[in-house]
Each structure stands twice: as C-alpha cells, then as structure tokens.
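Enquirer: fold the stuff below for me.
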Amino acid sequence: MSTNHTHLFTPTQLGALDLPNRFVMAPLTRARTEVDHIPTDLMAEHYAQRASGGLIIAEATMAMEGCSSFWKEPGIYSKEQIAGWKKVTDAVHAKGGRIVLQIWHGGRTCHPALNNGKVPVAPSALTVEDEVHTPEGKLPYTEPRALTIEEIPEIVAGFKLAAINAQLAGFDGVEVHGANGYLIDQFLRDGSNQRTDEYGGSFENRARLLMQILTVVSDVWGSNRVGLRLSPVNSFNSMRDSDPIGLSTYLAKQLNDCNLAYLHIMRSDFFGVQKEDVLSVFKEHYHGNLMGNMGYSADEAEAAIANGDMEVVAFGVPYLANPDLPERIQAGAALNEADPDTFYTAGPKGYTDYPFMSA
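Expert: Numbers count the residues shown, from 1 in each chain. Model prediction:
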C-alpha cells in the first residue's frame, strides 16, 4: 500500500467546520442504545476512540418520536437523549475531535413493532420488500400510509426541533439524512413517491420536503454547519428511480444556493442494481464541498482529493474496525478486519474492543 497520502492529511474547512485532516467517519448505525433510544457511556467511548479523524458523523438518529427503524438506534427528541449525546460530544471534544449529528426519519422503514403499534408514514403507500429485526424477531415490513399535506409541516418542525436539540447536546453541526431509502429519499425518488400533489411528480416537487427541511435546519445552525447525505442510485430498502442522472443534476444545481458545509454523496449501490455514475454529475454541477463515500481505499481517497474531485472522503467499515484509522494509514500499517456478526449486537464486543496500533 502506498504510504504517501499527503492530501488526506492536510487541514481543510467545510463551511464553519475546521478539519485537521480529510478523514471523515461515515455515519454507521450500531444499535447500541439501551431503553428509550438514549445514548450510552459505551457510545461515548466508541466515538471518542475515533476522534483523530477530521470529522465524525454520528449515526442515524431519530429526529422525532415514533420513527424507529432499527430497534436500538438513538434519538434526539427527549431531555434524556440530549443528556446522553452530551456525554458523547464532550468525550469527542476532550480528545480534540469534531462531531456532527445525522438527523433522520425512517419513513416506511419504521415498523409498528418498534413504535408502539404506530403505522409508518411515507410519501405513498408502498411497502419495502424485506424484513426488519424487532423484539418479536424478524418481521416483514408493513404497508405505510401516505402522509397528508397537513402532516408534512409536522415532519419539517420535527427536524427543526432535532436541530435545536443537537445544539443543546453540544454537536458541531448536523447532517440531514436524505439517503438510503428513508423518508426524505422516499420523497426524492419516483420508485417510492407516486404523489400527484405538490410533493410528487416533478423533480422540484419531489425535492420540496428536502428543501423545506434544509431551510429550517439552516435557520437553527447556519447553513455552514449543515451537511446533507444523498444516495441517488442505492437500491437498499427497495429503492429505485427512473432517472437518477436527471434527479442528481436537478439536486446538484438547487443545492448550490443552500451554502451547505458539505454534500455527502454515496456513489454506488449496495447491491449493484443501479450502475449510473451520479458522482460525476455532482462533480460537474455542484460547486460546494463534496464528500465522497462507499468503498474508498486510502489510495483512491488520496487521488480523489489530489485531483480536486472532492474535499473529503467518508470511510465506513474501515473506521468501524480501526479506531485509529488515520494513524494506521499514515504509518502504512495493516488494518483490523471488521466483524459483521457484531455490527448490530449489544455491548463492547466488535464496538469498543478493536485494538489500536501497537505503540
């Protein structure tokens, strides 16, 4: 492996976020909370271990009550959750790190068994073709009900409150989760959005909810502390779109006016179903800070930054198994292998017990 990664180790600025290097820890759902979606001391340890990167994006976090998709994922809507997250941000800041919170609504991936029997909501009544882990075992996803026009402002207000609560919890900013087949993405793509009102049909209409959420979240934080994650070709959660290039082009141009800290693009599909090159579209049409994600090696990340294709790169699985990922890359050291069997289990195994590089 090449050990010359000069660009990865140069400082940069994403809006108001000063980064000492270009390593970003991608948001990784780990389902490690206890009761009531409250972050734990173990989570604080996990994130603090990884504070040497340029930026940590904390995992998908419920913007409002009743939108659980993962059973033990964190929330940011209660005083107890804010206090739990404050321990996390304090621990990361004590190590000199920076951390933003990914705020999220699962939409049709929420399950009644995880939400006190509540029927999930979505742009349209279309069901995910898969199963979800619940306290009752694996269950098929249920049919959501389509949100009414009158309910949509409540969703927007929920994201605004989540942004306010993220400030109270001591984060350095927020990332709006518009990817991976969750609520915002469900509105963006025509495979999940069959509405005929002002939230369906054209690119502008399908992007309306996203733009409304970005506006209120930016009102809270200032847009220079707000990021956005998109995955226009990821087929995860039964997602598809008839024209991902067209959608990406529209979004790239519209988002130029938002003055975001960064735009986080998942460049490919988990399952290889959709092959379109959307990253090139964003490189061409988006003029702000781009963050690349999905399967980058250190060498590829270095080249992408050196070529000016993107400002930073987000690493997922390598960060999961290597708390000192930047130090290992700099030393040309071997990386720990991640253990998929512990990705969503409870406790420290496969979470806080991955070894650091020996001194």
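Enquirer: wait, residue 293 touches residue 267, no?
Expert: Yes - shown here, residue 293 and residue 267 form a contact pair, counting by Cβ atoms under 8 Å, at 6.8 Å. All C-beta atoms are positioned from the backbone trio N, CA, C, and that covers glycine.
Enquirer: those two - which one has more neighbours?
Expert: With other Cβ atoms under 10 Å as the criterion, residue 293 and residue 267 differ in neighbour count, and residue 293 comes out ahead with 24 against 19.
Enquirer: just list the residues touching the more buried one, thanks.
Expert: Residues in contact with residue 293, defined by Cβ atoms under 8 Å, 6 or more residues apart in numbering, are 26, 229, 264, 265, 266, 267, 313, 314, 316.
Enquirer: nearest spatial neighbour of it, skipping sequence neighbours?
Expert: Leaving out its chain neighbours, the residue that sits closest to residue 293 by Cβ to Cβ, 6 or more residues apart in numbering is residue 314, at 4.1 Å.
Enquirer: over to residue 49?
Expert: With Cβ to Cβ, 6+ apart as the criterion, residue 49 has its nearest non-adjacent residue at 3.8 Å, and that residue is residue 323.
Enquirer: the helices in the stretch 1-150 of the chain, which residues?
Expert: For the stretch 1-150 of the chain, the helices defined by DSSP state H, counting those that start in this stretch occupy 41-49, 79-94.
Enquirer: in the shortest one, what's buried?
Expert: Within helix 41-49, the residues that count as buried by 16 or more other Cβ atoms under 10 Å are 42, 43, 44, 45, 46, 47, 48, 49.
Enquirer: which one of the residues you listed is nearest residue 182?
Expert: Within the buried residues of helix 41-49, distances to residue 182 taken as Cβ to Cβ reach their minimum at residue 43, with 20.7 Å.
Enquirer: look up how far residue 98 lies from the closest one.
Expert: Distance, residue 43 to residue 98, by Cβ to Cβ, to the nearest Å: 17 Å.
Enquirer: could you do residue 354 as well?
Expert: 21 Å.
Enquirer: again, but for residue 192
Expert: Per Cβ to Cβ, residue 192 is found 33 Å from residue 98.
Enquirer: check residue 183 too.
Expert: 27 Å.
Enquirer: and the two? which has more neighbours close in?
Expert: Legend: neighbour count by other Cβ under 10 Å for residue 183 and residue 98, higher for residue 183 (31 against 22).
Enquirer: nearest spatial neighbour of that one, chain-adjacent residues omitted?
Expert: Distance criterion Cβ to Cβ, 6+ apart; nearest residue to residue 183, sequence neighbours excluded, is residue 107 at 3.1 Å.
Enquirer: correct me, but the one you found touches residue 122?
Expert: Yes - using Cβ under 8 Å, residue 107 makes contact with residue 122 at a distance of 4.8 Å.
Enquirer: what residues are shared contacts of those two?
Expert: Where contact means Cβ under 8 Å, 6+ apart, the residues bridging residue 107 and residue 122 through contact with each are 144, 183, 186.
Enquirer: out of those, the closest to residue 84 would be?
Expert: When these are compared for distance to residue 84 (Cβ to Cβ), residue 183 comes out closest, at 23.3 Å.
Enquirer: check which helices and strands the helix or strand bottoming out on mean pLDDT in the chain sits against.
Expert: Sorting the helices and strands of the chain by mean pLDDT, DSSP states H and E puts strand 131-134 at the bottom, at a mean of 94. In terms of contacts (3 or more Cβ pairs under 8 Å, 6 or more residues apart in numbering; DSSP states H and E), strand 131-134 is packed against strand 137-140.
Enquirer: the strand it packs on: partners in the sheet, and parallel or antiparallel?
Expert: strand 131-134 (antiparallel) (DSSP bridges).
Enquirer: now what about the partner strand, what contacts it?
Expert: Contacts of strand 131-134 with the rest of the structure, by Cβ under 8 Å, 6+ apart, involve 69, 70, 71, 109, 111, 113, 114, 138, 139, 140, 141, 344.
Enquirer: identify the residues contacting residue 90.
Expert: With contacts defined as Cβ under 8 Å, 6+ apart, residue 90 is in contact with 44, 170.
Enquirer: 10 Å instead, please
Expert: Residues in contact with residue 90 (Cβ atoms under 10 Å, 6 or more residues apart in numbering) are 44, 48, 169, 170.
Enquirer: okay, the first one: pLDDT?
Expert: According to the prediction, residue 44 has pLDDT 98.
Enquirer: separation between it and residue 132?
Expert: Where residue 132 is concerned, residue 44 sits at a distance of 27 Å (Cβ to Cβ).
Enquirer: and what of the second one?
Expert: Relative to residue 132, residue 48 is positioned 30 Å away (Cβ to Cβ).
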